[in-house]
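Participant: the following block contains a protein sequence and its predicted model.
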Amino acid sequence: TYIVKLTATRSPFCSAVATKTIEVNAPTASFTYSPTDGCAPLNVNFQITTNHKLNYEWDFRDGTTLKTDNNNTTHSYNFPGQHIPLLLIKDSSGCIIPILGSTPINLYNTRVGFTADKQLLCDSGSIQFTDTSFSGSPVKSYLWKFGDGATATVKNPIHFYNIPGLYTVSLFITTVYGCM
């Protein structure tokens, strides 16, 4: 609330004063969201807290926007990176207030890869496998399937093949955020 005062002076003995009280009302709101870390696709729940009836426009900062009057929404982030959401609140008089998210939403990328020191064996032999995977978050576990029924859970295993054949080797990794 502001008090505005206007004084008009014509001479030292002639003046007039007018006062007016002006109230400035702006909408207020805040929002929370979770989770803030994970693997794509990551479904993030947003909740707005306000005492006003407002319209909202979300900018999820991944190229997606949403206009709504609902205080709760969910958005699916599909691309790795860091996103800080923006909420525009709008009241019935057209007043627009931007509110920036307080915490980045981090999406991690995982790409599995490996090499083998040999591609061909005569009858039997050992092969050293080396993990070359890339992950934006720490790897929690490894699962190697060697194509002959055997498995391993170490990062860089050595496997012995004792029967001639064609084997398809697979590597599965899981990160601390559950990315696979």
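Facilitator: That came through, no problem.
Participant: center of this structure - which residue?
Facilitator: residue 105 (2.9 Å; C-alpha atoms, centre = their mean).
Participant: look up how far residue 118 lies from residue 80.
Facilitator: 34 Å (C-beta to C-beta, to the nearest Å). All C-beta atoms are positioned from the backbone trio N, CA, C, and that covers glycine.
Participant: between those two, who's got more neighbours?
Facilitator: residue 80 (15 against 10; other C-beta atoms under 10 Å).
Participant: per-residue confidence at the closest residue in space to the more buried one that isn't next to it in sequence?
Facilitator: The shortest distance from residue 80 to any non-neighbouring residue, by C-beta to C-beta, 6 or more residues apart in numbering, is to residue 109 (3.6 Å). Residue 109 is assigned a pLDDT of 85 by the prediction.
Participant: pretty sure residue 109 sits against residue 77.
Facilitator: No - in this structure, residue 109 is not within contact of residue 77 by C-beta atoms under 8 Å, at 11.9 Å.
Participant: pull the number of nearby residues for the nearest residue to the residue nearest to the centre of the chain once chain neighbours are set aside.
Facilitator: Excluding the flanking residues, the one nearest residue 105 by C-beta to C-beta, 6+ apart is residue 83, at 4.5 Å. Residues within reach of residue 83, counting by other C-beta under 10 Å, total 22.
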